[in-house]
Structures are given as structure tokens and as C-alpha cells.
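[1] Here is my input, please return the structure:
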Amino acid sequence: LLLGLLRSTRRSTQRLMQRQQAALRALNEIAALPSLSRTEQLRQALRLGAEHFGMPLGIISQIDGEHYQVLVQVSPEGALSDGQRFVLGDTYCSLALQQDEALAITHMADSKYRGHPCYRQFALESYIGIAVRVAGKPYGTLAFANSERRRRPFDDADREFLGLFARWVGATLERQQQDQAVRSARAYLQAVL
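    Got it, this is the predicted structure:
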């Protein structure tokens with residue numbers, strides 16, 4: 001019985017690692033698509049993450065003081081839109097920003113956060129999110145959520161994948177800022193000339 005349990009656990013762990021590696025390869029493939037704008041690369045990556053976690057809502061946000069702005073999102077039709085703004089304290093991302101690692105909640109109603117304004121307003125039952133850094137500074141968050149309780153608890157592999165994903169997002173946003181700076185410098189030089 002014990003031997004069978006160990007084999008089953010090992011197979012399950014191997015499947016999770018293979019799934020994680022496949023998702024990371026897919027992120028690299030998205031980054032290599034020159035025909036996609038940076039925004040569309042981020043949206044494709046969010047779709048990948050939403051599928052990976054089995055959660056229909058994926059958001060990359062930018063934090064500006066006490067405000068939270070949705071930069072790029074994937075969601076059920078009509079649920080969210082790019083550019084939408086919220087009070088930061090009314091979002092679970094306010095909690096994620098306070099962590100040094102991913103914040104993962106399988107069932108919000110059973111958690112210490114069940115009184116959070118986001119739960120009361122949007123009834124999002126499961127959530128995994130992490131801070132995104134750009135040029136070494138806090139920029140926003142990467143998060144996935146669902147209005148349904150997650151069947152499988154989040155584990156260390158989920159948190160590790162989200163951390164790697166957030167670094168990928170941060171690097172993509174940094175490249176986007178650098179591209180914008182180069183375009184601005186060229187426009188300025190053109191105007192001067």
C-alpha cells in the first residue's frame with residue numbers, strides 16, 4: 001500500500017513538473033513572436049496562465065498610489081476591460097503586494113481574508129497573485145482568480161510557476177518601456193533636426 005502511494009505521488013509530481021515546463025516553454029514561444037505587440041504577448045501569456053491554473057480571470061495590473069489599473073486582462077466576456085481602475089484596497093492584489101512571494105488562496109470563504117472588500121464585492125473564491133517588478137521596482141501584480149472554489153489546493157509548484165511568470169511579465173514590461181523611450185528619443189531628435 002505504501003509503495004503504491006509513493007509511486008502515485010511520484011507520477012503526480014512528474015505530471016505537474018511536465019505541465020509547468022510546457023507552460024514555461026510556451027511563454028518563451030510567445031515572447032519570440034515578433035508579429036505580436038507587447039500587449040498581445042501579455043494577453044497570450046495570460047490566456048496560457050488562465051489555462052494552466054484552471055482559472056478564467058487573469059490580470060496584469062499597474063499600481064499607481066492607491067489605485068489599481070488593469071493593464072491587460074483575460075476574463076469571461078464583459079467581466080473586465082483593459083484600462084479599468086479600482087481602489088487598490090478593494091482588490092486582492094493589495095494583499096499580494098504585501099507578500100514577498102505568491103499569495104495563493106484556494107477557498108476565500110474559509111480563509112482569514114473572507115471579510116476583504118474584494119470578496120464582498122466580486123465573490124472571487126480562489127486567487128493566486130504576486131507582485132510584478134520592473135527595473136527592480138514594484139510595478140503591479142500578476143493574478144488569476146475564479147468565482148468558484150479551486151478543487152486542488154495551490155502548491156509550491158504553482159507558486160514557483162507564478163514567480164517565474166511574474167519575472168517574465170516584468171521583463172516584457174521593461175522592454176516595452178525601453179522601446180517607448182527609444183521611440184520618444186527618436187521623435188525628439190527628429191523634431192530637433
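
[2] distance between the lengthiest helix in the chain and the chain's centre?
    For the chain, the longest helix by residue count, based on DSSP state H, is helix 156-192. In terms of C-alpha atoms, centre = their mean, to the nearest Å, the centre of helix 156-192 is found 15 Å from the chain centre.

[3] in that helix, what's buried?
    158-159, 161-162, 165-166, 168-170, 172-173, 176 (16 or more other C-beta atoms under 10 Å). The C-beta positions use only the backbone N, C-alpha and C, and glycine is treated the same way.

[4] What of stretch 46-65?
    46, 48-50, 52-53, 55-63.

[5] outside of the strand or helix carrying Arg47, which residues touch it?
    Assigned by DSSP states H and E, Arg47 belongs to helix 38-53. Residues from elsewhere that reach helix 38-53 (C-beta atoms under 8 Å, 6 or more residues apart in numbering): 19-20, 23, 26-27, 30-31, 33, 36, 56-60, 71-74, 82, 128, 142, 144, 158, 161-162, 165, 168-169, 172-173, 175-176, 179.

[6] Now for Thr141, which secondary structure element holds it?
    Secondary structure from DSSP H and E places Thr141 in strand 137-146.

[7] Walk me through which strands that strand pairs with, and which way each runs.
    Sheet pairing here is set by DSSP bridges, and for strand 137-146 it gives strand 57-64 (antiparallel), strand 126-134 (antiparallel).

[8] Put the alpha carbons of it into CSV.
    Provided in CSV are the C-alpha atoms of strand 137-146 (Å, rounded to 0.1, in the frame of the first residue of the first chain):
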residue,chain,number,x,y,z
LYS,A,137,10.9,48.3,-8.5
PRO,A,138,7.3,47.3,-7.6
TYR,A,139,5.1,47.9,-10.7
GLY,A,140,1.9,46.0,-10.3
THR,A,141,0.6,42.5,-10.0
LEU,A,142,0.0,39.3,-11.9
ALA,A,143,-3.1,37.5,-10.7
PHE,A,144,-5.5,34.8,-11.6
ALA,A,145,-8.9,34.3,-9.9
ASN,A,146,-12.1,32.4,-10.1
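
[9] Could you list the buried residues of stretch 69-82?
    The neighbour-count check on stretch 69-82 (16+ other C-beta under 10 Å) flags 70-75, 80 as buried.

[10] Just the ones in strands from those, please.
    Per DSSP state E, strands hold the following members of those: 70-74.
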